[in-house]
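**Q** sequence isn't available, so here's the structure alone:
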């Protein structure tokens, strides 16, 4: 039944249906609804033999005959308000495990959130607050519910939702309500009741002391302005007409070929995956038949706000763990989100009732030209050889309320991979009195404060360099000493590198000052030319780590944000470096805790083992006026580059760039 | 006569002719030849009023009527072997200054170098050495002369040339001779005599002790291999045929318009310059009519090698000061070095005899698509607005013997500028015995050592943010203290920034750990929204600084490579941060010395003054096997981004991206 599927293929619509049926029959309870039905990727112990068979081309037995691991689904479902998890074996149509996650929260529930919004607005007390604001005529109040970033002030076993208030002055529902943050915030309880009403601070301390008899101050008309719209149908959003059309033409079609979820392009092969939490995942990445990476995925991201005044410390979003990158994935429209010849991948989620929900075009695949790949002119003959760099792009975009994140993998002909994050969208704003300033935010429009915050991403890199036993080397460049009779450095110009192997699981920091390089290597496989282990190096994104104090909930909940690089032993149970359940988490469940808990018993070796490298990077985003009303992309780039993995430049055979192929046009 | 020229236009062929005539008449000496005839850009005191007139559109008097500074040329000429410099006023056809640079060297002289090569090979002693190598039949010896990187062992008042020996086994002159570095190096004196013969070391110390009676060891046949060619006509260079054609079509032509050396594109205006030393320079850069930068240029680069064994410490190239980025500029061929609709700029140099030499297509100008500029999907309406980022590219490529450097300026619609360096070409190699290794180099082919080295670039940024009085702010992001009763930080999550103005000239370092940001601001001009000075921030390229010991000649000669960021007062005399004459320089003439010499008297304020920011960046290049035989581009990127310069996103008005404009193709 599933023999046409690859074990790493996401669940199909049909499979989701079947799982829902199995669970419904198994549970036999009407008060139940689904949150997640997703593939449990087979454990490596099953998957590696499968991949070995699949890639063993010698006696080609046909894909359908391969011995394959069971199709297993994971299910999150609420049964009588209890958060349940099941595993279902699809091959045997059987529930194989079940448990209740007492006191934990599943990822954010769009349907519930809409109920919160309505309940909040319907509350008489809230209405009284809104009235007190004396909003301008024609104003529409917009409630923006947020997950509760733990600050220790509420009962964590119950769902808490923070409702932030904004307004639109235009009747157009695409008017930018973030331009009018209101002096109101409501904490809603799990059972849709108003738990607490906050008025928002304006100066440097909490507001409470200056409160207006429990009511907010009247809305200050001086805040009304017309420079904060971005949506093209709205007034004051004229578009420049100077940008001439620019088309990509690929007369012979793209250089990639796609079969199911398998992509093959310019010596690369890989598989694309998609799930509700991580969104796009990549698997079994090979170049020229050699295994490079078992799995690449964005494993978590955290956006803590740096405004110390209550209730702002509750703004701290885990966009993967809480919101789900797959849940938030955009439908990428042809000709809008990318150019050229494009193939799209769809994804599938599940509804409360267990029906599969199609997410069309969540990943796009296309090619770009990236300028010159390599060039040399022989000055003796004046003969130049130049090649252009064609790049394969896999892109997915998520919308997390106000913000957009664009996640891109780039594959190059020289066997390097780049992962790029582009942050765009709209700043999450807070009100500020006209004329006021604070040292933890930027005033981006009259009465609009864009608070400082950080975006912390964690890329999970599961390497398989010529096999699954890999090691991590830290290599620095150090000057040779001078005036040391034992060292030959007569002119003081010598410098060397020395590889240091990391022996046990740990977190590490970047240091460009000593050119600290992180290399994943396979010690069992020496490069015949260099005589050193084959490897790939990380080109890190230099970023500030988490600013919140280690004792804060922000820090305890986002352990991965303490160090830029982590190395652990691979484990199917350790996919999410802030822990599996981040909603209202209290901390102590992340990567640092994993390592510490084992260290307390016995340190775990990461030398010549199946390891995982994690790279934490991001931006300390202290907004600019130029980030308003919609933010030009802020790019963050991470690279993975072969280092003595190949015997020579793997892009050496790329075609020489010639005008007869490229058809450029001379503009006199 | 010159009224059609802009004061920043490089000298024309006609002007070069005229200057040569004026000098010839003035000098009246037959034993003389030219090295340089180039524009002296007008001093700012003259240039700023000119630009003010030019950009004052109100009473348009016509370009030809503007009061303009004199056209001044700088001349380097050798007269009876003395290095002379002249300045010529072209408006008055008059020599206005002259001096002799005693004991200094002009930039490298291609004609002289060819004489060195011939003289070296013709020397009987050298021939005896070559014979002793017992090279394989059919081998062609290739001599590669290098400028002498000062090591203190030779008389610096005389020209010294180092001849490194290689061979080709193929008769094809495009065969890669770097694949066969030979055990021979010859120091040539100024008068073309052999001064010293070196045999090259193989193990970890100098070779002298193990010498073979003054003769090199026989060439080891085990070094012969066939994996080091890159040139497409040679055997063993098969090209992949999988990369399908990819064309850029711009049916309405490019979005830029060019008049002379002035470019106008998407609210940007700027002027392109070109000279023998810096190659491409950019001037008077404005966005939407507002002045941003007076001048942007790569000011110097230094490539010191890290192999401590003599004579390798003599390998230390100033590719601008010694070689000249303009002199080494490639002729960019249509459809090879860039795609799309392309305009080229030519440059002019001068021959020994004073004739102008045309350098065709040294700079190319074209557009690229850079993915998404900004996007937001309103989750309430599901309406998305997305714009694509069109980028203007100005590219120049230089060949410095073995290496290529691609220098690119990128201008974006969001008013940001990026400067990218791509290092490509061929590694400079040295011989190593088969089986040997050293800790300061990588064996990239049998018998071929690619020594460790650094590439240190210095970008000179002369800002003019809304005027010429600018300041430098260093701004860091710091957590607020906890448990300090004077500070409101109850949840431990607050952080703030505090701008610190740099008061006097100095060198500074990067620190991503505290998000250290360098902002150029105009304190006289506040952003009406944020209330803070208008500014641009540097997006630095995080790199290791110079590894050579401070006492070494490498360090003394390349002062700019001590710190990543420098700020000085603007001075027409201070364009080159390693000093004006880098050929065989002894050091003490660079940016650190300028600052120190003034500090000894009186520290010079850089607060609200005409300042220059210098950014040193680069790579510690410890070669990979993948960098051989020709290196895939290694990218280094620096950015300049508005920070509260504009009142809002300057790319807000970019057209919404639609399929009807973009004509993408769906691949099913």
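**A** Received it, and whenever you're ready, just let me know what you need. Computed from a prediction, not measured in an experiment: that's the story for all the values here.
**Q** C-alpha only now, for contacts and for neighbours.
**A** OK.
**Q** tell me how far residue A:347 lies from residue A:190.
**A** Residue A:347 is 30 Å from residue A:190, where distance means C-alpha to C-alpha, to the nearest Å.
**Q** swap in residue A:259?
**A** Relative to residue A:190, and taking C-alpha to C-alpha, residue A:259 is found at 45 Å.
**Q** identify each of the helices in the stretch 1-150 of chain A and give its residue range.
**A** Listed in chain order, the helices of the stretch 1-150 of chain A (DSSP state H, counting those that start in this stretch) span A:13-27, A:44-55, A:110-122, A:124-133.
**Q** any chance of those in CSV, plus mean neighbour count?
**A** Listed next are the helices of the stretch 1-150 of chain A as CSV, based on neighbours: other C-alpha atoms under 10 Å in any protein chain shown:
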stretch, mean neighbour count
helix A:13-27, 17
helix A:44-55, 15
helix A:110-122, 16
helix A:124-133, 16
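**Q** so which residues on the stretch 151-300 of chain A come close to chain B?
**A** Residues of the stretch 151-300 of chain A lying close to chain B by C-alpha under 8 Å from any C-alpha of the partner chain are A:151, A:173-174, A:204-205, A:230-232, A:237-255, A:266.
**Q** which ones among those are found in strands?
**A** Secondary structure defined by DSSP state E assigns A:247-249 of these to strands.
**Q** pick out whichever of residue A:259 and residue A:190 has more residues nearby.
**A** Using other C-alpha atoms under 10 Å in any protein chain shown as the criterion, residue A:259 and residue A:190 rank with residue A:190 on top: 15 against 8.
**Q** quick one, what contacts the more buried one?
**A** Contacts for residue A:190 (C-alpha atoms under 8 Å, 6 or more residues apart in numbering or on different chains) come out as A:158-161.
**Q** repeat for residue A:241
**A** Under the criterion of C-alpha under 8 Å, 6+ apart, the neighbours of residue A:241 are residue B:655.
**Q** same deal with the one 5 residues further on?
**A** The neighbourhood of residue A:246, defined by C-alpha under 8 Å, 6+ apart, consists of B:248-251, B:369, B:662.
**Q** same check on residue A:634?
**A** A:421-424.
**Q** so it sits in a strand?
**A** Yes: when classified by DSSP: H, G, I helix; E, B strand; the rest coil, residue A:634 is found to be part of a strand.
**Q** so which of the helices of the stretch 1-150 of chain A comes closest to residue B:276?
**A** helix A:44-55 (55.1 Å; C-alpha to C-alpha).
**Q** residue A:456: which element?
**A** Secondary structure from DSSP states H and E places residue A:456 in strand A:453-463.
**Q** typed the wrong thing, it's residue A:339
**A** Applying DSSP H and E, one finds residue A:339 in no helix or strand.
**Q** thought it was touching residue A:247?
**A** Yes: here residue A:339 lies in contact with residue A:247, judged by C-alpha atoms under 8 Å, at a distance of 7.4 Å.
**Q** these two touch, right, residue A:337 and residue B:374?
**A** No: counting by C-alpha under 8 Å, residue A:337 sits too far from residue B:374 to count as a contact (10.2 Å).
**Q** the two: which is more packed in?
**A** residue B:374 (29 against 22).
**Q** report pLDDT for that one.
**A** Looking at residue B:374, its pLDDT is 98.
**Q** list the contacts for it?
**A** Contacts of residue B:374 (C-alpha under 8 Å, 6+ apart): A:424-425, A:630-633, B:386-389.
**Q** whichever of those residues end up buried, select them in PyMOL.
**A** Filtering the contacts of residue B:374 down to the buried ones (16 or more other C-alpha atoms under 10 Å in any protein chain shown) takes a single PyMOL command:
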select buried, (chain A and resi 424+425+630+631+632+633) or (chain B and resi 386+387+388+389)
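**Q** thinking again about what came up before, turn the helices of the stretch 1-150 of chain A into CSV, columns for mean pLDDT and distance to chain B.
**A** Output for those, formatted as CSV (pLDDT from 0 to 100; distance: least, C-alpha to the nearest C-alpha, whole Å):
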stretch, mean pLDDT, distance to chain B
helix A:13-27, 98, 19
helix A:44-55, 95, 21
helix A:110-122, 97, 10
helix A:124-133, 97, 21
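**Q** how about those in a markdown table, adding distance to residue B:519?
**A** Output for the helices of the stretch 1-150 of chain A, formatted as a markdown table (distance: least, C-alpha to C-alpha, whole Å):
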| stretch | distance to residue B:519 |
| --- | --- |
| helix A:13-27 | 53 |
| helix A:44-55 | 49 |
| helix A:110-122 | 42 |
| helix A:124-133 | 39 |
